[in-house]
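Asks: 3D model of this:
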Amino acid sequence: MSPAPQKLFCFGLGFTSLALCTRLAAQGFAVSGTCRSADKATALRARGIDAHVYAPDQKLDDAALHGTTHLLLSVPPDEEGDPVASDFGAALAALPLTWAGYLSTTGVYGDRGGDWVDEASPLAPSTARGARRLLAEQQWAALNLPLHIFRLAGIYGPGRNQLVSLREGKAGRIIKEGQVFSRIHVDDIAEILIASIARPDTGAAYNVCDNEPAPPQEVVAYAAELVGLAPPPEIKFEDADLSPMAKSFYAESKRVSNKRIREELGVALKYPTYREGLTALLEQDKK
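Replies: Reported below is the predicted structural model:
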């Protein structure tokens, strides 16, 4: 008798979720999930993903969840937390899931003045965005799910990186004394999620970041060197014309430890620092 098929359902078929879908589909998983428009759903179905529209003005039928064995949650929360938890918490808790993952953010740790944090550090968000994510974590943890929480650092990858920003004239070297960020390549996120699926540990939380937190201006300068451009001029944070979202990132400075993903999940990052990641992206662009 053949084993029951495995099905991944993603609430929010975005940049990270699609990287996971591609890999699990190659392993024989059925892949399904939600997006916010009919046009995107059509495009995703053309790629072999059973996509469904889920938006404030369009509800999702519980029947779409039938057969789900693995669940990924990546819909951004609002002031009341995660709308998916409110709309589908009971239905999801009734599924025979073997694994569920919630994509959160390292913003739940708040500002640490450049100090290190790990998964045992207090959760003390200092921005509204971080507070919403912490509320969503708590909502999901209260449900009867085989839940794993992944606190993601700044995500980059194909089409979304400093090389692209430089070419489009949008990169800046913003200088704020003592500022450091952690970051992670989208391909490494997918591999970390797959490692967790292979070694589930219900209730675990994982920091998802590379090995080297770094000042953002250093990353821009390295990207400029790779593409043979002069680095953009330095701009003091106080003088920079930043969006509210960008300002919220600069409101926090911390170094995030990834020891748990390496030691407990056995993950060896393909891109352990931004240098390997950006260099590989440049090579991909040349193909």
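
Asks: Can you show me the helices along the stretch 151-287 of the chain?
Replies: With helices called from DSSP state H, counting those that start in this stretch, the stretch 151-287 of the chain shows them at 162-167, 186-198, 216-227, 244-250, 259-263, 274-286.

Asks: For Ala136, the count of nearby residues, please.
Replies: The number of residues packed near Ala136 is 27, by other Cβ atoms under 10 Å. For glycine as for every other residue, the C-beta is placed from the backbone atoms N, C-alpha and C.

Asks: sec struct for it, please.
Replies: helix (DSSP: H, G, I helix; E, B strand; the rest coil).

Asks: That one: what's it in contact with?
Replies: 77, 81-82, 85, 102, 104 (Cβ atoms under 8 Å, 6 or more residues apart in numbering).

Asks: Tabulate these (JSON lines), appending neighbour count, distance to Leu123 and pLDDT.
Replies: Below are these laid out as JSON lines (neighbours: other Cβ atoms under 10 Å; distance: Cβ to Cβ, whole Å; pLDDT from 0 to 100):
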{"residue": "Pro77", "neighbour count": "20", "distance to Leu123": "15", "pLDDT": "94"}
{"residue": "Gly81", "neighbour count": "18", "distance to Leu123": "15", "pLDDT": "90"}
{"residue": "Asp82", "neighbour count": "25", "distance to Leu123": "16", "pLDDT": "95"}
{"residue": "Ala85", "neighbour count": "24", "distance to Leu123": "18", "pLDDT": "95"}
{"residue": "Tyr102", "neighbour count": "26", "distance to Leu123": "14", "pLDDT": "98"}
{"residue": "Ser104", "neighbour count": "25", "distance to Leu123": "10", "pLDDT": "98"}
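
Asks: Nearest residue to Gln202 in space, ignoring adjacent ones along the chain?
Replies: For residue 202 the amino acid is Thr, not Gln. Closest residue to Thr202 apart from its sequence neighbours, by Cβ to Cβ, 6 or more residues apart in numbering: Pro146 at 4.5 Å.

Asks: Surely that neighbour touches Trp99?
Replies: Yes. In this structure, Pro146 is within contact of Trp99 by Cβ atoms under 8 Å, at 5.6 Å.

Asks: shared neighbours of the two, which are they?
Replies: Common neighbours of Pro146 and Trp99 (Cβ under 8 Å, 6+ apart) are Pro200.

Asks: Quick one: neighbours of Leu281, just the number.
Replies: 22.

Asks: now swap in the one 4 residues further on and tell me
Replies: Applying other Cβ under 10 Å, we find 14 other residues in the vicinity of Asp285.
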